[in-house]
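Participant: need a structure here:
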Amino acid sequence: MKIELGTVEKTVINQFKGGEGSISAAMFVDELNRIMLGELPPGASIGMHLHDQSSEIIFCISGEGVVVCDGVTERLAEGDCHYCKKGSSHTLKNESDKLLRFYAVVPQQ
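Facilitator: Have a look, this model is predicted:
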């Protein structure tokens, strides 16, 4: 099944998961997965949150970001992938001066 997230209307969410600023996202959701094309402007973040029911995979499309997962800090750049396993906590921050674009997949486990 082809999912054209580039044609889906974006939703702007302020202080997503307790983060700073706002995130814009085009989302596809069904009973099995949540798939998102997200954008974090400079200085914005997704707040620290626990994945107690599912994992999450984030693919960096462009820009740079910082992930903190279970206390470990890692830098993400274009082409990088972050995996937050079920039972872990993580946050994503854009500490750069450019837009951070990414795909995120959250399987409903």
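Participant: contacts and neighbour counts: CA atoms only from here.
Facilitator: Will do.
Participant: so residue 91 is in which element?
Facilitator: For residue 91, the element it lies in under DSSP states H and E is strand 89-93.
Participant: Quick one: list the elements packing against the following helix or strand past that strand.
Facilitator: For strand 89-93, the succeeding helix or strand toward the C-terminus, using DSSP H and E, is strand 100-107. With contacts defined as 3 or more CA pairs under 8 Å, 6 or more residues apart in numbering; DSSP states H and E, the secondary structure elements packing on strand 100-107 are strand 33-40, strand 56-62.
Participant: beta partners of the residue nearest the centre of the chain?
Facilitator: For the chain, the residue whose C-alpha lies nearest the mean C-alpha position (CA atoms, centre = their mean) is residue 104; its distance is 5.1 Å. Listed by DSSP bridges, the beta-bridge partners for residue 104 are residue 36, residue 58.
Participant: Let me know whether it touches residue 33 as I believe.
Facilitator: No. The pair residue 104 and residue 33 does not pass the contact test of CA atoms under 8 Å, sitting 10.3 Å apart.
Participant: most packed of the helices and strands packed on strand 100-107?
Facilitator: The highest average neighbour count among the helices and strands packed on strand 100-107, using mean count of other CA atoms under 10 Å, belongs to strand 33-40 at a mean of 20.
Participant: Okay, angle between that one and strand 100-107 too, please.
Facilitator: What separates the directions of strand 33-40 and strand 100-107 is an angle of 160 degrees, with axes from the mean of the first three to the mean of the last three CA atoms, to 10 degrees.
Participant: quick one: contacts of strand 33-40?
Facilitator: Strand 33-40 is contacted from outside by 5-6, 22-29, 93-94, 99-108, using CA atoms under 8 Å, 6 or more residues apart in numbering.
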